[in-house]
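Student: have a look at this prediction, sequence included:
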Amino acid sequence: MKYRVIRSNRKTIAIQVGKEGVVVRAPYRVPDGEIERFVSEHGKWIQKQQEKLALELSGQPAVERLTTQDIQKLADQALKVIPERVRYYAPLVGVTYGRITIRNQKSRWGSCSSKGNLNFNCLLMLTPPEVIDSVVVHELCHRKEMNHSKAFYEEIYRVYPDYDKWNRWLKENGSALMRRMTG
């Protein structure tokens, strides 16, 4: 890792991450090996700060990462909420379904297998309830049409006329939510 060392009359070592790179401020008396060890021990923190800075500079707001415990709580909540929404909408769509699985995915909000098993992202718990319903209806409509054809969308609009509004919400806000996923 590249960094610049600035020595002064200070008493401790400090690391700054900014546009100009990584700067290590150290007392005159601290040996180079100790500085290297300090930087190495703080490598993950430095990387996190560099990622935050890159997001800020790209105009995208920095996001707070979810902990493993946060994700588990969202998954537990989703296991209560989503099956209830699926049970409500399945008869309206006119379909049956198999297993419902809650996952912590980094790129998908939901999916439907050819066997009728439904997968949903636990991050849906961070969205408005209407977004959850729009994703549930979307996946249930795949039980009739395993594609994104005109007939597929006609079925969605029949059951959930506000689909476009909430799908747009997910497109505008979803990537920020996905960036909160750890790992």
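Tutor: Arrived safely, thanks for sending. Keep in mind that what you see is a predicted model, and the values were worked out from it rather than measured.
Student: would you say Glu64 is within a helix?
Tutor: No: according to DSSP: H, G, I helix; E, B strand; the rest coil, Glu64 belongs to no helix; its state is coil.
Student: can you give me the distance of the nearest residue to it once chain neighbours are set aside to Val159?
Tutor: Computed as Cβ to Cβ, 6 or more residues apart in numbering, the closest residue to Glu64 that is not its neighbour in sequence is Arg180, at 6.5 Å. All C-beta spots, glycine's among them, are computed from the backbone N, C-alpha and C. Distance of Arg180 to Val159, given as Cβ to Cβ, to the nearest Å: 30 Å.
Student: on that earlier part again, which strand or helix spans the residue nearest to Glu64?
Tutor: For Arg180, there is no host helix or strand (DSSP states H and E).
Student: and it, how many neighbours?
Tutor: Arg180 sits with 15 neighbouring residues when counted by other Cβ atoms under 10 Å.
Student: all strands of the protein, in order?
Tutor: With strands called from DSSP state E, the chain shows them at 4-8, 14-18, 21-27, 100-103, 110-112, 118-121.
Student: what's the fifth one packed up against?
Tutor: Read that as strand 110-112. When contacts are defined as 3 or more Cβ pairs under 8 Å, 6 or more residues apart in numbering; DSSP states H and E, strand 110-112 packs onto strand 118-121, helix 129-141.
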